[in-house]
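A.B. asks: Can you look at this prediction? I've put the sequence above it.
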Amino acid sequence: MCGIVGVAGLTPANQTIYDALLLLQHRGQDAAGIATAHEQFFNMYKARGLVRDVFRTRNMRSLPGNSGLGQVRYPTAGSSDNEDEAQPFYVNAPFGITFVHNGNLSNWRQLREELFRIDRRHINTNSDSEVLLNVFAHELQRAVTGAKLDEHAVFEAVAAVHRRAKGAYAVIAQIASFGMVAFRDPNGIRPLCLGALQTAQGTEWMLASESVALTGCGYSLVRDIQPGEAVIIDQEGNLLSRQCAEHSRLTPCLFEYVYFARPDSLMDGVSVYSARLQMGEYLADNVAKSLRLGDIDVVMPIPDTSRPSAMQLAARLNLNYREGFIKNRYVGRTFIMPGQAVRKRSVRQKLSAIEMEFRGKNVLLVDDSIVRGTTSRQIVDMAREAGANKVYFASAAPPVRYPNVYGIDMPTQAELIATGRDTDQIAREIGANGLVFQRLEDLQQSIRDLNPAMEQFESSCFNGCYVTGDVDDDYLAYLNRTRGSGANSSTVTVP
C-alpha cells in the first residue's frame, strides 16, 4: 500500500508535491521520493524514511520544474531495507519515463519472465512496480513504431497494459517532452482521483491516491479516475481521457474504507468518515444481538481509525462513550513494523491507558479490524491492567480469514488469528470476555448506502474471492513458501 501524487502545474511543483506527500504519509512511512521534469531532464531524489526526514532544502533545490511525481511507500515483507525499491522508478527508453505505482500485480513474476525472454528488458529489483513500468514502456514503444508519440499511442499502450497485467494498480507516469499519464486497473481496486486549481496563468492539475492531498494543497476535487480509464495531461495543460479496458467494473478494496484511507477523504464518491459512521450503525445492531447491553458500562475506541464507528455505536445503543487510550503520535502505525517482536513492543509505546476510565468498569473496545490479533491481545491486557472488570471487543470489519494479494501483506493464512477459529475461540485468544465482528454484508452495505452505484467490492481477505480471477490455491501456496523472501515491494504488514 502506497500513496502517490502527480502535479502538472504552471509554477515550480516540488513544494506542492512535498506538501501532498505529507498529507499521504499515513499510506507509507518506509520511503519517500519525488521526480520532477525540467526542460528535457528528469530530476529525482528518494530515500528511506518519513517525508520530513527524507527531503532537505538542498534536495528540494535539486528538483526544479513545473511538473512531477511523488510517492510514499510501505516496507516490503522481508526486504524493507532495499532502498533501490523506493519510488519513483525511471526508464530511459523509449522516451524517458518516471513512474509511481500503488497496488500489487498478482502476475508480476510471469510478466518479469516475459520481459526478459520476449521483450528483452532487464528488471533490476524484485519490485512489481518496476515490472509494470517496463511493461508500459515496452507497449508504448510498440504503439509508436513508425509514428511520433501522441495521445492515441499512449492510450493504446495503456490498453495493452490492461490486457497483460493482473492485480491492483493505480499509476501516474511522466513521459519526457510529452506530459503526464495516469491510469487505474480495470477493477478499480486502488484509488486515484483528479483535482484542479484555477490560477491567473491557467489550470493546474493534480492526481493523487486520496482527495485529502488535493484539498489540502488548495485544489478542488474534479472526479475519481474510473476503473480502466487513462488520463493524459499534455505539456500545454490539456486534459484528455479514454476508457482503455475492454471490460471494467468498480470493485474498490474494502480495507481502504475500514482502515487505510484518511477519514477526511472522498473515495469513489464516498466519504470515508461517513462510511465509518455507517459501520458503527451496523456493528451496533450486531452487538445488541450478541452481548447483554446491561453488562456494558462504557464504549471506547482504539485510536484513531475506529473512533467514528465507536462513537456511532455508542450513540445508537445509548451507551456511555469515553476515550480510554491516549495515542503517542510520534510512534508509527504498528502494522508497518517489520517483525512480530517489534510490533509487540511498539503497541505499548504507541498507546497508554487512562486508569480512571477503566477501573471497575465493563468496557467495550471498538477497533477497525483484527488481523493477526497481536495488537488486540495486548490492548485487552492493557485494559485489564488499568482496572477493567470485563473487557468486550468489537471489530468494525469481519474476520480476516484469507490472504490479500492486492497490496496488503497477509500472505499466509497461518498468521491470521481467524484461521481455523470461530468467534468464541478468537475471543479467548485475545483474552476478551466477548467478541463481535461486523458481518461482511453489513460492511458492504455501509458503503453502498452512501453510493448505491457500488455493486461489488474487493473483499478477498474476508471471503476468499479474488476479483482478478488468477489467484488460486497454487498461487497462495507459492506465497506461503516464499514468505519473507522479499519478493514484492508494494505490500504492507497489518497487525
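C.D. replies: Good, I have the coordinates.
A.B. asks: Within the helices and strands, which one has residue 71?
C.D. replies: strand 67-73 (DSSP states H and E).
A.B. asks: Could you please name the strands that strand pairs with and the direction of each pair?
C.D. replies: When sheet partners are counted by DSSP bridges, strand 67-73 sits next to strand 2-8 (antiparallel), strand 31-38 (antiparallel).
A.B. asks: Indicate which one of these is closest to residue 276.
C.D. replies: Taking Cβ to Cβ, strand 2-8 is the member of the strands paired with strand 67-73 nearest to residue 276, at 19.2 Å. Just so you know, the C-beta spots here come from the backbone N, C-alpha and C atoms, and that holds for glycine as well.
A.B. asks: low-confidence ranges in the stretch 301-450 of the chain?
C.D. replies: Residues of the stretch 301-450 of the chain that meet the criterion pLDDT under 70 lie in 331-346, 409-411.
A.B. asks: could you pull out the strands for it?
C.D. replies: Remark: strands assigned in the stretch 301-450 of the chain by DSSP state E, counting those that start in this stretch are 320-321, 325-327, 351-353, 362-367, 390-395, 434-437.
A.B. asks: how about those strands, which one is nearest residue 1?
C.D. replies: strand 362-367 (18.5 Å).
A.B. asks: partners of that closest one in the sheet?
C.D. replies: strand 298-301 (parallel), strand 390-395 (parallel).
A.B. asks: what are the C-alpha coordinates of the shortest one, in CSV please?
C.D. replies: Pointing back at strand 298-301 there. Extracted C-alpha coordinates of strand 298-301, given in CSV (Å, rounded to 0.1, in the frame of the first residue of the first chain):
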residue,chain,number,x,y,z
VAL,A,298,-18.7,2.3,28.5
VAL,A,299,-17.6,2.1,24.8
MET,A,300,-14.0,3.0,24.0
PRO,A,301,-12.3,3.3,20.6
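A.B. asks: Contact partners for residue 456?
C.D. replies: 249, 250, 251, 467 (Cβ atoms under 8 Å, 6 or more residues apart in numbering).
A.B. asks: go again using 10 Å as the cut-off
C.D. replies: Residues counted as contacts of residue 456 (Cβ atoms under 10 Å, 6 or more residues apart in numbering) are 187, 188, 249, 250, 251, 252, 444, 448, 465, 467.
A.B. asks: Most neighbours out of these, which is it?
C.D. replies: Most neighbours among those, by other Cβ atoms under 10 Å: residue 188, with 28 neighbours.
A.B. asks: Nearest residue to that one in space, please, no chain neighbours.
C.D. replies: residue 227 (3.2 Å; Cβ to Cβ, 6 or more residues apart in numbering).
A.B. asks: Same check on residue 108?
C.D. replies: Closest to residue 108 by Cβ to Cβ, 6+ apart is residue 128, at 3.7 Å.
A.B. asks: Put together JSON lines for the strands paired with strand 362-367, with distance to residue 241 and mean neighbour count on each row.
C.D. replies: Listed next are the strands paired with strand 362-367 as JSON lines, based on distance: least, Cβ to Cβ, whole Å; neighbours: other Cβ atoms under 10 Å:
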{"stretch": "strand 298-301", "distance to residue 241": "40", "mean neighbour count": "24"}
{"stretch": "strand 390-395", "distance to residue 241": "39", "mean neighbour count": "24"}
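A.B. asks: Next, count neighbours for the nearest residue to residue 302 once chain neighbours are set aside.
C.D. replies: In space, and not counting its chain neighbours, residue 302 is closest to residue 367: 4.2 Å by Cβ to Cβ, 6+ apart. Neighbourhood size, residue 367 [other Cβ under 10 Å]: 23.
A.B. asks: Surely residue 367 and residue 395 touch.
C.D. replies: Yes. In this structure residue 367 lies within contact range of residue 395 using Cβ atoms under 10 Å: 5.8 Å.
A.B. asks: List the residues that are in contact with both of the two.
C.D. replies: Common neighbours of residue 367 and residue 395, using Cβ under 10 Å, 6+ apart, are 302, 306, 309, 376.
A.B. asks: now, which of those lie within helices?
C.D. replies: The helices, defined by DSSP state H, take in 309, 376 from the shared contacts of residue 367 and residue 395.
A.B. asks: re earlier: any idea which of the contacts of residue 456 is the one closest to residue 65?
C.D. replies: Ranked by distance to residue 65 (Cβ to Cβ), those are led by residue 188 at 30.2 Å.
A.B. asks: quick one: contacts for the residue nearest to residue 248 when sequence neighbours are not counted?
C.D. replies: Of all residues not flanking residue 248 in the chain, residue 228 sits nearest, at 3.3 Å (Cβ to Cβ, 6+ apart). Applying Cβ under 10 Å, 6+ apart, we find residue 228 in contact with 158-159, 162, 183-188, 242-250.
A.B. asks: Now restrict those to buried residues only.
C.D. replies: 158-159, 162, 183-188, 242, 244-245, 248, 250 (16 or more other Cβ atoms under 10 Å).
A.B. asks: how about TSV for these, with secondary structure added?
C.D. replies: As requested, the buried ones among the contacts of residue 228 are arranged in TSV below (DSSP: H, G, I helix; E, B strand; the rest coil):
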residue	secondary structure
158	helix
159	helix
162	helix
183	strand
184	strand
185	coil
186	coil
187	coil
188	coil
242	strand
244	coil
245	coil
248	coil
250	coil
